[in-house]
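A.B. asks: sequence and predicted structure, then a few things I'm wondering about:
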Amino acid sequence: MTPERVFADTNLFLRYLTNDIPDQADAVERLLHRAAAGEVVLVVHSLVMAEIVWTLESFYGLTRESVKEKVLAMLNTPGLELAESDLILQAIAWYADRRVDFIDAYSAAWMLAQGVTRALTFDQKHFARLERIQAQTP
């Protein structure tokens, strides 16, 4: 029997990663065990990952390296199906290692996957940290 595919919202992962509401974190842990056992597939898109990164950094005050570790752990979670995981992997590396805002890093990874190397923007600071991207004002 094929396991059911269900969307997993941002707040599930935040509860689990921060354990700020222990009962909810425990419920998510049980869900993750079910996913690892192949009983269910948790489907997530890139906006969920962006929201996780933003919330862990801005609300919970985690360092970029700590956020990176948590995102990498998620990427390696059995039973979790993440759309564009290769782009998320590149973006989280640039986010932590080059200090590029996650959304700009994701945009740059997406651009390169599309064969686009020039970005038009009024905020060139983060794109300028990435060698293969040319940031220019319109």
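C.D. replies: Received it, and whenever you're ready, just let me know what you need. Numbering: from 1, shown residues only.
A.B. asks: tell me the pLDDT of the residue nearest the centre of the chain.
C.D. replies: Most central in the chain under C-alpha atoms, centre = their mean is residue 49, positioned 3.1 Å from the mean C-alpha point. What the model reports for residue 49 is a pLDDT of 96.
A.B. asks: other SSEs contacting the helix or strand containing it?
C.D. replies: Under the criterion of DSSP states H and E, residue 49 resides in helix 46-58. Applying 3 or more C-beta pairs under 8 Å, 6 or more residues apart in numbering; DSSP states H and E, one finds that helix 46-58 makes contact with helix 10-18, helix 64-75, helix 85-97, helix 102-113. Where you see a C-beta, it was placed from the backbone N, CA and C, and this is true even at glycine.
A.B. asks: need those in JSON lines with mean neighbour count, distance to residue 33 and mean pLDDT, can you?
C.D. replies: Output for those, formatted as JSON lines (neighbours: other C-beta atoms under 10 Å; distance: least, C-beta to C-beta, whole Å; pLDDT from 0 to 100):
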{"stretch": "helix 10-18", "mean neighbour count": "19", "distance to residue 33": "11", "mean pLDDT": "97"}
{"stretch": "helix 64-75", "mean neighbour count": "17", "distance to residue 33": "15", "mean pLDDT": "96"}
{"stretch": "helix 85-97", "mean neighbour count": "20", "distance to residue 33": "21", "mean pLDDT": "97"}
{"stretch": "helix 102-113", "mean neighbour count": "20", "distance to residue 33": "28", "mean pLDDT": "97"}
